[in-house]
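Participant: got a sequence here, can you build the structure:
(2 chains)
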Amino acid sequence: MATTTETPTDSMGRATALAPPSLSSRAKARMVSALLIMPLVLFLTLVFVLPLGGMLVHAVENGEVGEALPGVAAEMRGWTGEGLPPESAYAALARDLKAAYGDPRLGEASRRLNYERAGYRALLAKTARSIRAIDRPRAGWTAELTAIDPRWSETATWAALRRASPSLTPYYLLTALDLRMDDNGSIARAPAEERIYIDTLGRTLWIGFVTTLLCLVLGFPLAHALVSLPRGFASVLMVCVLLPFWTSLLVRTSAWIVVLQKEGVLNGLLTRLGIVDAPLELVFNRFGLYVAMVHILLPFMILPILSVMKGISPSYMRASASLGAHPAVGFLKVYLPMTLPGVGAGCLMTFIIGVGYYITPSLVGGARDQMTSYFIAYYANTTINWGLSSALGAILLACIMLLYATVGRLIGVGRIAGIQ
Amino acid sequence: MTTTRAGRLYAPIVFAMLIASGASHARDLTVVGFGGSLQDAMRTAYFEPFSKRYGAPLIEESYTGGIAKLKAMNQSRTVTWDVLQMDENEMTLACDEGLLEPFDWKSQPNAADILPQVKAPCGVGAFVWSKVLAFDPAKTPGVKSWADFWDIKRWPGERGLRKQARMTLEIALLADGVAPDKLYETLGTKAGVDRAFAKLDQIKPHIRWWVSGAQPVEWLAAGNVVMTSAYNGRVAAANKDGRAFTMLWTQQLYSADYWTIPKGTDKLKAARELIAFMTSADAQKRFAETIPYGVTNNRASALIDPKIQPDLPTAPQNMAGALMIDTPFWVNNEDELQQRFERWVAQ
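Facilitator: Predicted coordinates:
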């Protein structure tokens, strides 16, 4: 507490008679301010920290098999993974399946096992149905289970169970990186026809990068115009910049379809003027996606740059001119470096929001323009593979954090946030 | 029991949302369908007559499939859906995961009349739908099979297919000459899947992928595609509005949608009454006469206007060469095949 030096103290260091009211009022003020920010803290915890933490937990959580088949999970911990497991593992499987029959948790375990190899969902369901009829095995559970389905005599089946039964798993994160753990426990790349997420992630980052660059090229001169133009004109321009903020995302995006589609406004104009013979493909491809995304994200680039530019006194440029610098040199050496915090903040914000886009690519993009968030939504909503959905989200988050840390080191986090 | 760690983790959020939404209010019976012309027909044939007869208000919602919301409601114990339309695949998955109420046939007075194929552990068949090849005979006359769908030279132009592995791979194999009764045997092998993708490669640049059931018919009407896969009821609805599209019944792909009851609803009795009403012969007759999907009540078939019979997927002459979608196959293989499909589409 740096402020205590101001409080009068006696020789023993205790606060003198004058001090107590000011101290207690300060404590009160602190308490009031703490109470005032409580709703915000609570809100952030509920809607931000908890779901984010939940997402990260989901990406590695793997309780399904362990909860439905606890005996098997225990056996798998003791098994080396070579050859076939002992009779006791088969007996545990029979016991667990009988106990879990009809329990929804068995369905969840089957879904989890099916991720390891297609067809295991049915294998588990079929075995659970058949095993109920057998009270006492005639020649051991190994023989009984193998008779129900020969796959129980394959190492691969048990290896899949062994991978799926610990309470934490790298499976989802590996899959989200197009990697796979094989039966021996070593990590390898997924077969070529199943690799998809790295390409998608690359595409997502690339689309984010290009959108950011386009926003910068368009936004920087516009921001400069906003500070240098006469007041009345600048405020009209400002309204134009802010207009996209006031319309719904869905409306803005759909409007671009109307403008850009084959029978749309722009193509109609171009063909009528004789500039093109056949209508151009302007939407449902990468071009249409960039147009719509730049339109939506432009304010996020302009506003931070604008706020920095407003703080730059024109006298700097006059000074550089009076010292004999060419306007271009003055701009590059004096003006531009001073706008960099705004540029950094704008780029970072545009990029981060851009890579998370989902609705816009799905509406105006083609099949080849879908970004990581498409798969996040697909796995979360359609197949309820929340593990993979969370893992993809975690990897996207990691990319953004990495970028944030890099830019933060170059420019300074405080300057980006404007609280330097 | 199924409250996992995640359930406990989300409990405070759910609590907050409960307060925010005032979920303690009394709620009317809620039925959830797939929207569009299909739900319009359900309203006419089922929902409004049911409300009128029982004097009970009925709330309608619609969704686009997927069992995520069902699961979220189940985990947070705030089930606000009472009767739900589901496709066979998702019903099977949801049933396995304990998200649906086991179907109680004793509560159903029509149980004896329902087709045995659509009596499931967690649901009863609502109607039989079909995916057909639809085209405008004025623009592309003479199309006879899925093989013709691949004939870009003779009938140039874009083709519409649903952006989904399920049914698309089947269509590719049908076009490649695989017989319906051998189809899933073929698709069950790696060579068969490769063959389907190789066939799709041939027309890939000409395919426009649709997502919702209304799109293919709109595109066909706007001339964006010259032929497309589409649900028979949607095509029939467009024809009712003055279009003259042709549906190809040979090589149709068919399956059923089901009525299910989410587990945890506090309106179990009313939900069962609504389902009993919707599977009665009279109500199904009204439904099929509004939108030509196949009925699941044996006695309803006889009641339906003979003029409408040939438009139903279940008409005997339409069933020749038809392919029944193999739900158990897809329950096991969808994760893997859909991933490969997504990758292939994005290439």
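
Participant: tell me the domain ranges of chain B?
Facilitator: Following automatic domain parsing, one finds the domains of chain B at B:5-128+B:256-311, B:129-255+B:320-346.

Participant: can I get these in a markdown table including mean pLDDT and distance to chain A?
Facilitator: Just so you know, the C-beta spots here come from the backbone N, C-alpha and C atoms, and that holds for glycine as well. Shown next, in a markdown table, are these (pLDDT from 0 to 100; distance: least, Cβ to the nearest Cβ, whole Å):
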| stretch | mean pLDDT | distance to chain A |
| --- | --- | --- |
| domain B:5-128+B:256-311 | 87 | 2 |
| domain B:129-255+B:320-346 | 92 | 4 |
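
Participant: same list, these, but as CSV with distance to A:Met309 and mean neighbour count please.
Facilitator: Shown next, in CSV, are the domains of chain B (distance: least, Cβ to Cβ, whole Å; neighbours: other Cβ atoms under 10 Å in any protein chain shown):
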stretch, distance to A:Met309, mean neighbour count
domain B:5-128+B:256-311, 41, 18
domain B:129-255+B:320-346, 40, 18
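
Participant: tabulate those (JSON lines), appending distance to A:Thr383.
Facilitator: Shown next, in JSON lines, are those (distance: least, Cβ to Cβ, whole Å):
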{"stretch": "domain B:5-128+B:256-311", "distance to A:Thr383": "8"}
{"stretch": "domain B:129-255+B:320-346", "distance to A:Thr383": "7"}
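
Participant: please identify which of those domains is closest to A:Arg368.
Facilitator: Closest to A:Arg368 of the domains of chain B, according to Cβ to Cβ: domain B:129-255+B:320-346, at 5.4 Å.

Participant: got the end-to-end distance for that closest one?
Facilitator: 29 Å (Cα to Cα, to the nearest Å).

Participant: can you get me a residue count around whatever residue of the stretch 101-250 of chain A ends up closest to chain B?
Facilitator: Ranked by Cβ to the nearest Cβ, the top residue of the stretch 101-250 of chain A for proximity to chain B is A:Pro104, at 2.3 Å. A:Pro104 has 20 neighbours, counted by other Cβ atoms under 10 Å in any protein chain shown.

Participant: surely it touches B:Cys95?
Facilitator: No: A:Pro104 is beyond contact range of B:Cys95, at 9.1 Å (criterion: Cβ atoms under 8 Å).

Participant: which residues touch the closest residue to the residue of the stretch 101-250 of chain A closest to chain B other than its chain neighbours?
Facilitator: Once flanking residues are discounted, A:Pro104 sits nearest to B:Gly98: 2.3 Å by Cβ to Cβ, 6 or more residues apart in numbering or on different chains. Each residue near B:Gly98 by Cβ atoms under 8 Å, 6 or more residues apart in numbering or on different chains is listed here: A:103-105, A:107, B:2, B:74, B:263.

Participant: ranges for the strands of the stretch 251-400 of chain A?
Facilitator: For the stretch 251-400 of chain A, strands defined by DSSP state E, counting those that start in this stretch do not occur.

Participant: er, chain B actually
Facilitator: For chain B, the strands defined by DSSP state E occupy B:29-33, B:58-62, B:83-87, B:119-120, B:123-135, B:159-162, B:207-210, B:227-231, B:246-260, B:323-324.

Participant: closest to A:Pro337 out of these?
Facilitator: So among those, strand B:207-210 is nearest, using Cβ to Cβ, at 48.1 Å.

Participant: what about A:Arg95, distance to A:Arg129?
Facilitator: Remark: distance between A:Arg95 and A:Arg129 (Cβ to Cβ, to the nearest Å) = 16 Å.

Participant: the more surrounded of these two?
Facilitator: A:Arg95 (16 against 12).

Participant: contacting residues for the more buried one?
Facilitator: Neighbours of A:Arg95 in contact, by Cβ under 8 Å, 6+ apart: A:Gly71.

Participant: could you rerun that using 10 Å?
Facilitator: Shown in contact with A:Arg95 (Cβ atoms under 10 Å, 6 or more residues apart in numbering or on different chains): A:69-72, A:131, A:141.

Participant: again with A:Val329
Facilitator: A:320-321.

Participant: change it to 8 Å
Facilitator: Going by Cβ under 8 Å, 6+ apart, A:Val329 touches A:Ser320.

Participant: which residues of the stretch 101-250 of chain B fall in helices?
Facilitator: Secondary structure of the stretch 101-250 of chain B by DSSP state H, counting those that start in this stretch: the helices cover B:146-149, B:165-175, B:183-187, B:190-203, B:215-222, B:232-240.

Participant: ok now the first one, how far from the chain's centre?
Facilitator: What it means is helix B:146-149. 23 Å (Cα atoms, centre = their mean, to the nearest Å).

Participant: fine, thanks again, bye for now.
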